[in-house]
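Undergrad: how does the following fold in three dimensions:
(one chain, ligands or ions: 1)
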Amino acid sequence: MSNTNLHKAKKAKSDEFYTQLSDIEKELEHYKNHFKDAHIFCNCDDHRWSAFVEYFSMNFELLGLKKLTAIHYDANNISYKLEITGDTNGDGKIDGDDLVKTALTGDGDFRNQESIDILKECDIVVTNPPFSLFREYIAQLMKYDKKFLVVGPVMAMTYKEIFPLMQSEDLWIGSKRLGVFGQPDGSMKSAGALWFTTLDHKKRHESIILYNEYKESENTKYDNYDAIDCVFNRKVIIPKDYYKNVGVPITFMEKFNPKQFSIIRFRKGTDNKDLRLNGKDQALRVIIKRKTKMKQFMDEIEKQGVLFAQEGIGLTEPLNCDEETFMASVSLYEDYSYKKDDEDFMKLSKLLPSNAAIAQAYWKENNTYED
Ligand SMILES: C[S@@+](CC[C@H](N)C(=O)[O-])C[C@H]1O[C@@H](n2cnc3c(N)ncnc32)[C@H](O)[C@@H]1O
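TA: Have a look, this model is predicted:
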């Protein structure tokens, strides 16, 4: 075998491991509302092995799926697809017995046109793809603007093709890490993997609770970037009272709530070398920054940008946001009302002069404090 072929064969072998049904169940329970009326595509799945096909066949009715398509890949042969569209065998229920097998014209590679045609048509892709092709696999999903929930190696968070997508909030990490994978010989191995997704879930909106105060002695500044490091005695401690740049390990991305933090940069300092502390490289740090309440609110307003005629709160002027956002602005005004020169509040007033004025009037009307 030539060196290239040997390398390819080794890679293909390292891609053969199987997701456990228990891991799929634990994760997918957080996304049930996304699956109603959806066409699910598992594009790297042999139905003899795939617990994804098993999960979606078993729960077809419970989740209210419209369709399930799975493609089996066989590098050396013409392959096939499996589909469930309804109660094909007429036994009164929809499950794995309704899978219909149809031959493909190719080997079932996710990059083949016949696979791409199904990709374009489906609503959500859910699978564990070959890790050796992970970058290409995600690039294809992004290219076709597909929703997905897929398994990937923990280290994929650090790939230069993947990190920017997390930074721009075009994809994020799922709820839980996976436990073990099955192997073709029936043995198990530790998974070292997590879920990469574009489906919203609850954990992503939960803030990390911060207890500690900033201590100059524990939070050292990097040599090559204006930020403090948040690892002290092997513990990650993000100070609760520090609103400038801080550095944390890449595993932070598993807890990233975009309302709580902004991602500033990954790994490198201003000299484009790994971040250093007292001359020592600190591998794979992410520089993040706390969002102030005002910043959270402004982000929200920018996202929403809807003209909304406010009713029922005694105001007749239209707002540039919904009621909930407006009430948030009132409470923010309350926070900021004694600091009229506050930079954030001035920015907000420029962005939304009418909202700021209305929030101010509303707050005054409803509070007995002297201004
Ligand atoms: C990590 S395994 C996961 C299998 C299954 N999806 C599961 O979760 O148990 C990745 C699978 O992708 C298949 N595969 C490898 N290259 C592929 C390709 N180019 N297109 C589609 N599937 C591929 C492999 O045969 C392997 O079964």
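
Undergrad: pLDDT wise, what is the closest residue to the ligand within the stretch 101-250 of the chain at?
TA: Per CB to the nearest ligand atom, N128 is where the stretch 101-250 of the chain lies closest to the ligand, at 3.1 Å. Every residue, glycine included, has its C-beta placed from N, CA and C. Residue-level confidence at N128 comes out at 97, pLDDT.

Undergrad: I'd say it and V150 touch.
TA: Yes. Contact criterion CB atoms under 8 Å: N128 and V150 qualify, at 6.7 Å.

Undergrad: ok, the residue of the stretch 101-250 of the chain closest to the ligand - contacts?
TA: By CB atoms under 8 Å, 6 or more residues apart in numbering, the contact list for N128 reads Y18, T19, C44, F52, V150, V151, A193.

Undergrad: three-state assignment of N76?
TA: Counting by DSSP: H, G, I helix; E, B strand; the rest coil, the backbone at N76 sits in coil.

Undergrad: count the neighbours of it for me.
TA: 6 (other CB atoms under 10 Å).

Undergrad: so for it, what's the pLDDT?
TA: Reported pLDDT for N76: 93.

Undergrad: separation between it and F134?
TA: Separation of N76 from F134 (CB to CB, to the nearest Å) stands at 23 Å.

Undergrad: where in the stretch 251-371 of the chain is pLDDT low?
TA: Within the stretch 251-371 of the chain, the segments meeting pLDDT under 70 span 293-371.

Undergrad: which residue does it have closest to the ligand?
TA: Closest point on the stretch 251-371 of the chain to the ligand, by CB to the nearest ligand atom, is E254, at 20.2 Å.

Undergrad: gap between stretch 243-251 and the chain center?
TA: Relative to its parent chain, stretch 243-251 has a centroid offset of 18 Å by CA atoms, centre = their mean, to the nearest Å.

Undergrad: show me the contacts for the residue of the stretch 251-371 of the chain closest to the ligand.
TA: I173, R177, L194.

Undergrad: what do you get if the cut-off is 7 Å, keeping everything else the same?
TA: Residues near E254 by CB atoms under 7 Å, 6 or more residues apart in numbering: I173, L194.

Undergrad: what kind of secondary structure is it in?
TA: helix.

Undergrad: what about stretch 94-112, how long is it end to end?
TA: 29 Å (CA to CA, to the nearest Å).

Undergrad: before we move on, what about stretch 17-24?
TA: Using CA to CA, one end of stretch 17-24 lies 14 Å from the other.

Undergrad: contacts for it next, please.
TA: Residues from elsewhere that reach stretch 17-24 (CB under 7 Å, 6+ apart): 49, 51-52, 54-55, 128, 151, 178-183, 189.

Undergrad: select only the buried ones of those residues in PyMOL?
TA: With 16 or more other CB atoms under 10 Å as the criterion, this PyMOL line picks the buried residues out of the contacts of stretch 17-24:
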select buried, resi 49+51+52+54+55+128+151+178+180+181+182
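
Undergrad: save the contacts of stretch 17-24 as JSON lines, and put in secondary structure too.
TA: As requested, the contacts of stretch 17-24 are exported to JSON lines (three-state DSSP):
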{"residue": "W49", "secondary structure": "coil"}
{"residue": "A51", "secondary structure": "helix"}
{"residue": "F52", "secondary structure": "helix"}
{"residue": "E54", "secondary structure": "helix"}
{"residue": "Y55", "secondary structure": "helix"}
{"residue": "N128", "secondary structure": "coil"}
{"residue": "V151", "secondary structure": "strand"}
{"residue": "L178", "secondary structure": "coil"}
{"residue": "G179", "secondary structure": "coil"}
{"residue": "V180", "secondary structure": "strand"}
{"residue": "F181", "secondary structure": "strand"}
{"residue": "G182", "secondary structure": "strand"}
{"residue": "Q183", "secondary structure": "coil"}
{"residue": "K189", "secondary structure": "strand"}
